[in-house]
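J.: Structure for the following, please:
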Amino acid sequence: VTGMLGNTYNLVSILKWQANILDNEDWNNKIKYIILEEIYSLAIAFNNTESAYTREHGLKETRKAIYVDIY
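T.: Coordinates of the predicted model:
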């Protein structure tokens, strides 16, 4: 899979990996928190990239920003 669809596939794979770690009680909570922070940063970067891509190719108009407080 190529392009944005490939990137989406990769992001979903990473999210599934993250879910497996978070559901596993053997992992340290500090490690889980670090993973959550990094996944959050990755999701923001993916969203920004996807938005720029779709605007560049005229696939959608602008949208309102969404703020999520993870702390």
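J.: what helix or strand is residue 17 on?
T.: Take DSSP states H and E as the rule and residue 17 turns out to sit in helix 3-23.
J.: ugh, wrong one, I meant residue 58
T.: Using DSSP H and E, residue 58 sits in no helix or strand.
J.: what sits against it?
T.: For residue 58, no contacting residues are found, by C-beta atoms under 8 Å, 6 or more residues apart in numbering. C-beta here means a position set from N, CA and C on the backbone, and glycine is covered the same way.
J.: picking up where we left off before, what residues does the helix holding residue 17 touch?
T.: Against helix 3-23 from outside (C-beta under 8 Å, 6+ apart): 1, 27, 31-32, 35-36, 39, 42-43, 46, 49-50, 53.
J.: list the buried ones in stretch 40-51?
T.: 46, 50 (16 or more other C-beta atoms under 10 Å).
J.: So what's the model's average confidence on that stretch?
T.: The average pLDDT for stretch 40-51 rounds to 90.
J.: how distant is it from the center of its chain?
T.: Stretch 40-51 sits 6 Å away from the centroid of its parent chain (C-alpha atoms, centre = their mean, to the nearest Å).
J.: Closest to the centroid, which residue in the protein?
T.: What sits nearest the mean C-alpha location of the chain, by C-alpha atoms, centre = their mean, is residue 43, with 2.4 Å.
J.: Phi, psi for that one please.
T.: Phi and psi for residue 43, reported as degrees, to the nearest 10, are phi -60, psi -40.
J.: Then residue 28?
T.: phi -60, psi 140.
J.: so how far is residue 15 from it?
T.: Note on residue 28: its distance to residue 15, by C-beta to C-beta, to the nearest Å, is 20 Å.
J.: ok, those two, which is more surrounded?
T.: residue 15 (13 against 8; other C-beta atoms under 10 Å).
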